[in-house]
Structures are given as structure tokens and as C-alpha cells.
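**Q** no FASTA, just this:
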């Protein structure tokens, strides 16, 4: 598909999300477009069922099928398998990063934090589907900084029951930080504090 079609779409299936994670969803990315979703097993989304933007606001909804043999049930915990809550939060950041790229943000995505997080349920091996709904409160492009930022409030459901809420989750995209020559040493081979 073309980049223009990518930005006009309102849903994405699993194959398309994997293609995005590999950087192959469209063949004409704009200069500076480096955004990716993580690849499995860190990819916490199977499909995006709805994405929309209305000015600086928007909404994005995604689902993930629970698998009896999901990798995290094998180690978290022995005799008491439960999906780590942090993976649900990461799925919210993945969704916000995708929104940022879809809305026009250039560069690589980075989670920037969140406000209040509340867990009041759990995801276990015989559940069926996790749905994440994010209301985008603000999307901003910072042209002078070569960055874009998105902030959203999210609710995560398992089999239609709400189990997590996350307020003010933040993700940004930043140009010039990608590390495509990994694992070779390069200027982007080390982390540390990012410029403010």
C-alpha cells in the first residue's frame, strides 16, 4: 500500500501490523519515517479495529486473542499463570505509538510515561480476548524539535469486562534516533537520558 492509503485507513489486521513492525507496510515512507511496532512476542496487538482522528484528538481500539500457550504464562508464575500487568500498559503505549505514526509523526517511537494506573482484574490462560480502547486527548507535532507527541486515557477489557485503566499515557516519535546498524557500535548504540 501507499503511505497516503495507510493514513486513510480506519482498521488494520494482524498481517498489516506485522508488516508495519517489519517496516514493510507501505513502500513510499516519507523521509524520516522510522516508526515500528515491536515484533512478537512483544507485540501485544492482533488487530486494530478502529482508528480515527478529529483534529488533535482521536480514538483507537485494538484486540489481542489470549493463547493458552502465550510465552508469559510459561514464566509468570509457575503454578499461577497470569499476564503481567506491565504488558497491558505496554500494549497501550504500542497503540499510542501507532496512532502517532498514522497521524503523521516522523521518527522512532518511545514511551514517555503515564499518570495513574489501576489494575482491578487479571488475564488468565482460558480468557478469550483482550480489547484496549484509548481516547486520544492530544496529538501534537513539534516541527522545530523533529518530534510528535500523543497523550491518551485507556481502558483495557478482558472478554468485555474492564480490568485496567491508565490515565495520561504518553508516547512520542523522534527523528534521528533509530539504530538500524545494530548490533554494530554506532552513535546510537548507547542509551541514557534523551535531550529535553
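**A** Looks like it arrived, so ask away. Just so you know, these numbers come straight off a predicted model, no measurement behind them. Numbers count the residues shown, from 1 in each chain.
**Q** switch to C-alpha atoms for all contacts and neighbour counts from now on
**A** Fine.
**Q** and the residue nearest the centre of the chain, which of the three is it?
**A** With distances taken as C-alpha atoms, centre = their mean, the residue of the chain nearest its centroid is residue 94 (0.9 Å). Under DSSP: H, G, I helix; E, B strand; the rest coil, residue 94 falls in the helix class.
**Q** which residues touch the residue nearest to it when sequence neighbours are not counted?
**A** Spatial nearest neighbour of residue 94, excluding adjacent residues (C-alpha to C-alpha, 6 or more residues apart in numbering): residue 37 at 6.5 Å. For residue 37, the contact set (C-alpha atoms under 8 Å, 6 or more residues apart in numbering) comprises 17-18, 20-22, 43, 94, 97-98.
**Q** which stretches of the chain form helices?
**A** For the chain, applying DSSP state H gives helices covering 3-8, 14-21, 85-103.
**Q** which of those helices sits most buried?
**A** Mean neighbour count (mean count of other C-alpha atoms under 10 Å) peaks for helix 85-103 among those, with a mean of 23.
**Q** where does residue 76 fall, phi/psi-wise?
**A** Backbone torsions of residue 76, given as degrees, to the nearest 10, read phi -140, psi 80.
**Q** just to revisit the earlier point, TSV for the helices of the chain, including distance to residue 27 and mean pLDDT?
**A** Shown next, in TSV, are the helices of the chain (distance: least, C-alpha to C-alpha, whole Å; pLDDT from 0 to 100):
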stretch	distance to residue 27	mean pLDDT
helix 3-8	7	96
helix 14-21	11	98
helix 85-103	15	97
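**Q** need these in TSV (columns: distance to residue 76).
**A** Putting the helices of the chain into TSV (distance: least, C-alpha to C-alpha, whole Å) gives the following:
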stretch	distance to residue 76
helix 3-8	36
helix 14-21	25
helix 85-103	11
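**Q** so which of those is nearest residue 174?
**A** Across those, the minimum distance to residue 174, taken as C-alpha to C-alpha, is reached by helix 85-103, at 10.5 Å.
**Q** quick one: that closest one to helix 14-21, angle?
**A** 80 degrees (axes from the mean of the first three to the mean of the last three C-alpha atoms, to 10 degrees).
**Q** pull the residues that contact helix 85-103.
**A** Residues outside helix 85-103 that contact it (C-alpha under 8 Å, 6+ apart) are 6-7, 35-38, 43-45, 51, 53, 60, 62, 109-111, 119, 122, 132, 134, 139, 148-152, 154, 156, 166, 169-173.
**Q** can you give me the strands for the chain?
**A** Using DSSP state E, the strands of the chain run over 47-54, 57-65, 108-113, 117-119, 129-142, 147-158, 161-174.
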